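>>> Have a look at this fold, sequence not included:
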């Protein structure tokens, strides 16, 4: 880094004297940008990939997952630590949710490449991506923002997390294509889950934020469009915090439907219902800020009354999920009260929605979740739902869990339904 230049200056487009653009999909008739590939050309390219899963696996799998724990991206005492993915893997093993215990149904994807600079520059500016690399290689460990740290391994870890997400999009699309070729009109793709960190949904086109370095779900969405012919992508974000980065990257893009349920007033203070997108993207952003204390009944009502009808109207080719587990009642960083079983019910609904609307194509990507017990339990129950199993949660009362603010929630949902004509 140049002597005397601050991290924020190094990551700024203005510091390098030019403004890059990122985040907008090419639109037919407008010219410019990378063309969206047809599904046939994407399939031909994928078939030659050395990392492609065997046809037999693609035909049998119910759920494909990949793990990118980023063990060297960590800071002692920080909630976004390298303990998170191992806690999930331990919970899955304890629940017998492993490829060994569920042979043929549950598949682990080990052979995947990190995302390329070009792939993340589909949603981030060239100057930000290059600047983060320089900081990680020359100045780390350090804080790039007040709440977001990097180590010397963080840039590569973030690329690998995006690579896991992209590889799972490919795996789901590959499975969809081979199943359709064998049973036209009657086959459904498996779901997928990327256990990747650092999280991504707060990272904007130009900056890190909120523990996030690169937009994992945003990168996966652009890959689905440009490499796999998935022209219409839906992103549902159920993290307790609003995914401001994803929101902003696709703000004016009608080809990506972004729907978020999050705690009203929590970090980063964005996600107001009035934020419905801009320009051509007006109406393709739906924010549902839930009152503090909202839990299982509240988020399921939001899903049934807003998320599902919006998805049906949009008719996506694939559904991506920013799966944050920090709305769990155990989590210390916010104030929603989801149960472990809430994640089973959300995940089951999402897979059913994908089955109905887009041939089953649905990819979950890990975002937040900072209580290790709640995180492990929540992800395990999502796995159960995606495999077709019942919830593992004891349905009994939980001591200390208060009643949900039902009247406030009903007002929020009524306003959102009226605003978006749902």
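Cool, got the structure. Bear in mind that the values here come from a model prediction, so they are computed numbers and not experimental data.
>>> Now do the helices in the stretch 301-422 of the chain.
Applying DSSP state H, counting those that start in this stretch to the stretch 301-422 of the chain gives helices spanning 308-314, 340-357, 372-387, 406-419.
>>> Rebuild those helices as TSV, extending it with distance to residue 106.
From N, CA and C alone the C-beta is placed, and that goes for glycine too. Formatted as TSV, these follow (distance: least, C-beta to C-beta, whole Å):
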stretch	distance to residue 106
helix 308-314	26
helix 340-357	14
helix 372-387	6
helix 406-419	35
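>>> Now mean neighbour count and distance to residue 125 too, for those, in a markdown table please.
As requested, the helices of the stretch 301-422 of the chain are exported to a markdown table (neighbours: other C-beta atoms under 10 Å; distance: least, C-beta to C-beta, whole Å):
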| stretch | mean neighbour count | distance to residue 125 |
| --- | --- | --- |
| helix 308-314 | 18 | 28 |
| helix 340-357 | 22 | 31 |
| helix 372-387 | 24 | 32 |
| helix 406-419 | 15 | 31 |
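>>> Where do the strands of the stretch 1-150 of the chain begin and end?
63-68, 106-108, 142-145, 148-150 (DSSP state E, counting those that start in this stretch).
>>> which stretches of the protein have low pLDDT?
Applying pLDDT under 70 to the chain flags residues 1-51.
>>> now with 90?
For the chain, applying pLDDT under 90 flags the ranges 1-52, 183-187, 395-397, 399-402.
>>> wait, which of the helices of the stretch 301-422 of the chain is closest to residue 148?
Nearest to residue 148, of all the helices of the stretch 301-422 of the chain, is helix 372-387, at 19.3 Å by C-beta to C-beta.
>>> ok now the closest one, how far from the chain's centre?
15 Å (C-alpha atoms, centre = their mean, to the nearest Å).
>>> wouldn't residue 370 be in contact with residue 78 here?
No - using C-beta atoms under 8 Å, residue 370 makes no contact with residue 78, being 9.5 Å away.
>>> Give me the more crowded residue out of those two.
More crowded of residue 370 and residue 78, by other C-beta atoms under 10 Å: residue 370, with 23 against 13.
>>> Over to that one: give its phi and psi.
Torsion angles at residue 370 (phi, psi; degrees, to the nearest 10) stand at phi -120, psi -10.
>>> ok, and the closest non-adjacent residue to it?
residue 79 (4.0 Å; C-beta to C-beta, 6 or more residues apart in numbering).
>>> quick one, what contacts that neighbour?
211, 332-333, 370 (C-beta atoms under 8 Å, 6 or more residues apart in numbering).
>>> One more: residue 63?
Residue 63 neighbours (C-beta under 8 Å, 6+ apart): 105-107, 190-193, 383, 386-387.
>>> measure the nearest residue to it once chain neighbours are set aside to residue 102 for me?
Sequence neighbours aside, residue 386 is the residue nearest to residue 63 in space, at 4.7 Å (criterion: C-beta to C-beta, 6+ apart). Distance, residue 386 to residue 102, by C-beta to C-beta, to the nearest Å: 11 Å.
>>> and if you look at residue 316?
28 Å.
>>> The two: which is more packed in?
Neighbour comparison, residue 316 and residue 102: the larger count goes to residue 316, with 25 against 17 (by other C-beta under 10 Å).
>>> Got phi/psi on the more buried one?
phi -70, psi 160.
>>> Residue 256 touches residue 235, doesn't it?
Yes - using C-beta under 8 Å, residue 256 is in contact with residue 235, at 6.4 Å.
>>> Spit out the residues that contact those two alike.
Joint contacts of residue 256 and residue 235 (C-beta under 8 Å, 6+ apart) are 221, 250.
>>> in the longest helix seen in the chain, what counts as buried?
Of all the segments of type helix in the chain, defined by DSSP state H, the longest one is helix 154-182. Residues of helix 154-182 classed as buried: 154-180 (neighbour count, 16 or more other C-beta atoms under 10 Å).
>>> Past it, which element shows up next along the chain?
Counting by DSSP states H and E, the next helix or strand C-terminal to helix 154-182 is strand 191-196.
>>> quick one, that following strand and helix 154-182 angle?
170 degrees (axes from the mean of the first three to the mean of the last three C-alpha atoms, to 10 degrees).
>>> What lies in contact with strand 191-196?
By C-beta under 8 Å, 6+ apart, strand 191-196 touches 62-70, 85, 88-89, 160-162, 164-165, 168-169, 171-172, 216, 323, 351, 354, 360, 362-366, 379, 382-383, 386.
>>> contacting residues around the most centrally placed residue in the chain?
Nearest residue to the geometric centre of the chain (C-alpha atoms, centre = their mean): residue 322, 2.7 Å. Each residue near residue 322 by C-beta under 8 Å, 6+ apart is listed here: 200-201, 217, 235-239, 243, 246, 260, 365, 367.
>>> now do residue 213
Residues near residue 213 by C-beta under 8 Å, 6+ apart: 132, 144, 148, 150, 154-155, 158, 198, 200, 203.
>>> Nearest residue to it in space, please, no chain neighbours.
residue 158 (4.1 Å).
>>> again with residue 188
Nearest to residue 188 is residue 360, by C-beta to C-beta, 6+ apart, at 3.4 Å.
>>> so that neighbour makes contact with residue 353?
No - contact criterion C-beta under 8 Å: residue 360 and residue 353 do not qualify, at 9.9 Å.
>>> and the one helix or strand residue 286 maps to, which strands flank it?
If you go by DSSP H and E, residue 286 is part of strand 285-290. Under the criterion DSSP bridges, strand 285-290 sits next to strand 256-263 (parallel) in its sheet.
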